[in-house]
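# just a sequence and a predicted model for now, questions to come.
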Amino acid sequence: MCLLELVFGISVGRMMLQGSLFDLADEPRPGELGPAVRRAELAHGAWIDVRPGWLSGAASLFEELESAVPWQAEERVMYERVVAVPRLTRYYGENERLPLPVLADLRDRLSAHYAAELGEPFRTVGLCYYRDGRDSVAWHGDRIGRGKTEDTMVALLVLGAPRPLLLRPADHSGPTLRHDLAHGDLLVMGGSCQRTWEHAVPKSAHASGPRISVQFRPRGVR
Ligand SMILES: O=C(O)CCC(=O)C(=O)O
Ligand SMILES: [Fe+2]
């Protein structure tokens, strides 16, 4: 082996080592639930849990989802006109193959943490991709299914740029709460939150980049 080959070999070896160490540090990895989860009781039997920075390596999960998910642009009829839904989405029902195995692991960790209180596992995975500050989700509760009539839970994992998630009582009887979530933060809405409160991600002139949210829900909640 000549000197040049030796130097080349060492530097390639170092690059590979650095590459693998970097990937390891950057890999999406959930932290503890438990005492790191802070609960706030809201009016009307609703509550929210917040676990800041639940997922480390959130940036790499963001990138993987951005490219692995076949994102859909939906249209809705509103006031007799067809309008574009202002975000990209994808929904995975309980028997559908998830785009990344780590999503099943995160769902199962949430199921384990909330098992006693929820009485059933989280089963479905919804994804929203907010391309920039013009993308948003309007005020709503997740009430298409059982959330309309029953207490339930919806867990949100937020990746990417910070955007406020707003919550207000559905009867407008109290102030709006604001949570600036980003980069692996977890927020779980529980109790009567879907029917007695509403939530929204408003449009923003200051959004610093794209955002993806992952929604974990039990069967029949949407
Ligand atoms: O993106 C979010 O943080 C919320 C998404 C949401 O509320 C929904 O998909 O029902
Ligand atoms: Fe929602």
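Received, thanks. Ligands and ions are numbered 1, 2, ... in the order given.
# got the residues of this structure near ligand 1?
126, 128, 137, 142, 156, 165, 199, 201, 213, 215 (Cβ under 6 Å from any ligand atom). (Each C-beta comes from the backbone N, C-alpha and C, glycine too.)
# whichever of the residues you listed end up buried, select them in ChimeraX.
A single ChimeraX command selects the buried members of the residues of the chain next to ligand 1 (16 or more other Cβ atoms under 10 Å):
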select :126,128,137,142,156,165,199,201,213,215
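# how deep is Pro99 tucked in, by neighbour count?
When neighbours are counted by other Cβ atoms under 10 Å, Pro99 registers 17.
# please renumber the chain so that the first residue is 250 from this point on.
In the new numbering, first residue 250, that becomes Pro348.
# tell me the secondary structure at it.
Following DSSP: H, G, I helix; E, B strand; the rest coil, we place Pro348 in the coil state.
# check contacts around it.
By Cβ atoms under 8 Å, 6 or more residues apart in numbering, Pro348 lies in contact with 314, 317-319, 339, 341.
# picking that back up, counting only strands, which of the residues of the chain next to ligand 1 make the cut?
Counting by DSSP state E, the part of those found in strands is 375, 377, 386, 405, 414, 448, 450, 462, 464.
# so which of the contacts of Pro348 is the closest to Trp296?
Nearest to Trp296 among the contacts of Pro348 is Tyr341, at 26.1 Å by Cβ to Cβ.
# so where is this structure shaky, pLDDT-wise?
For the chain, residues meeting the criterion pLDDT under 70 lie at 250-274.
# what about 50?
261-268 (pLDDT under 50).
# partners of the lengthiest strand in it in the sheet?
Assignment by DSSP E gives strand 330-341 as the longest strand of the chain. Within its sheet, and counting by DSSP bridges, strand 330-341 is paired with strand 321-327 (antiparallel), strand 371-379 (antiparallel).
# of all those, which one is nearest Ala289?
Of the strands paired with strand 330-341, nearest to Ala289 by Cβ to Cβ is strand 371-379, at 20.5 Å.
# could you dump that closest one to CSV, C-alpha only?
C-alpha atoms of strand 371-379 as CSV (Å, rounded to 0.1, in the frame of the first residue of the first chain):
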residue,chain,number,x,y,z
PHE,A,371,-53.9,4.5,19.9
ARG,A,372,-54.5,2.9,16.4
THR,A,373,-54.5,5.4,13.6
VAL,A,374,-51.9,7.8,12.4
GLY,A,375,-52.8,11.0,10.6
LEU,A,376,-50.2,13.4,9.1
CYS,A,377,-50.4,17.0,8.2
TYR,A,378,-47.8,18.9,6.2
TYR,A,379,-47.9,22.7,6.5
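# got the contact list for that strand?
314-315, 318, 320, 336-343, 347, 352, 356, 359-360, 363, 384-386, 402, 404, 409, 412, 450, 456, 459-468, 470-471.
# would you map the strands across this structure?
Going by DSSP E, the chain shows strands at 278-279, 287-290, 295-300, 304-305, 321-327, 330-341, 371-379, 386-389, 403-409, 412-418, 426-430, 434-440, 446-450, 460-467.
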